[in-house]
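My questions are about this predicted structure, shown below with the sequence.
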Amino acid sequence: MIGYVTLGTNNYEKAAEFYDELLATIGAGRGMEGDRFIAWSTGPAAPAISIIKPFDEKPATVGNGVMVAIAVDSREKVDALHAKALELGGTDEGEAGPRMDNFYAAYFRDLDGNKLNAFCFGP
């Protein structure tokens, strides 16, 4: 259902480096790119995460209650994404672990303060 999610950034180059390395952890790479935005995905028809310099040229801000969730197929990938985000300068918002029956997740913020989650279902 979701085609892509766009996150505003105030430091385009640093955000690009962060997401290049973070999303490479799950095999995603740049699929589209312009002078104001970059989108990463695992393939042409797959959902994407993108960053953008706001078109109104005002500072990017973080939405309260907004979170981007990245679905992966194993607990190991959840752990790897969370660890990579912290290694790249992101901040911890909840260590990896079971949250409910059959739901495993970790939470972190990127360099601009956007909240993300990596999750999987199953053991």
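Structure received. Bear in mind the structure is a predicted one, so any value in this text is a computation, not a measurement. Residues are numbered from 1 along each chain as shown.

tell me the pLDDT at Ile2?
pLDDT, Ile2: 85.

Tell me the spacing between it and Glu76.
Counting by C-beta to C-beta, to the nearest Å, the separation of Ile2 from Glu76 is 24 Å. C-beta coordinates here come from the backbone N, C-alpha and C atoms, glycine included.

what does Asp35 give?
Distance from Asp35 to Glu76, by C-beta to C-beta: 36 Å.

With Ala48 instead?
From Ala48 to Glu76 the distance is 23 Å (C-beta to C-beta).

And for Gly27?
Distance, Gly27 to Glu76, by C-beta to C-beta: 13 Å.

repeat for Met1
For Met1, the distance to Glu76 equals 26 Å [C-beta to C-beta].

between those two, who's got more neighbours?
More crowded of Met1 and Glu76, by other C-beta atoms under 10 Å: Glu76, with 11 against 3.

per-residue pLDDT, the more buried one?
Looking at Glu76, its pLDDT stands at 97.

How about Asn117?
pLDDT at Asn117 comes out at 95.

Give me the phi and psi for Lys77.
Here is the backbone geometry of Lys77 (degrees, to the nearest 10): phi -70, psi -30.

what residues are up against the nearest residue to it once chain neighbours are set aside?
Excluding its sequence neighbours, the residue lying closest to Lys77 (C-beta to C-beta, 6 or more residues apart in numbering) is Ile26, at 5.8 Å. Contacts for Ile26 (C-beta atoms under 8 Å, 6 or more residues apart in numbering) come out as Thr42, Ile70, Val72, Lys77, Ala80, Leu81.
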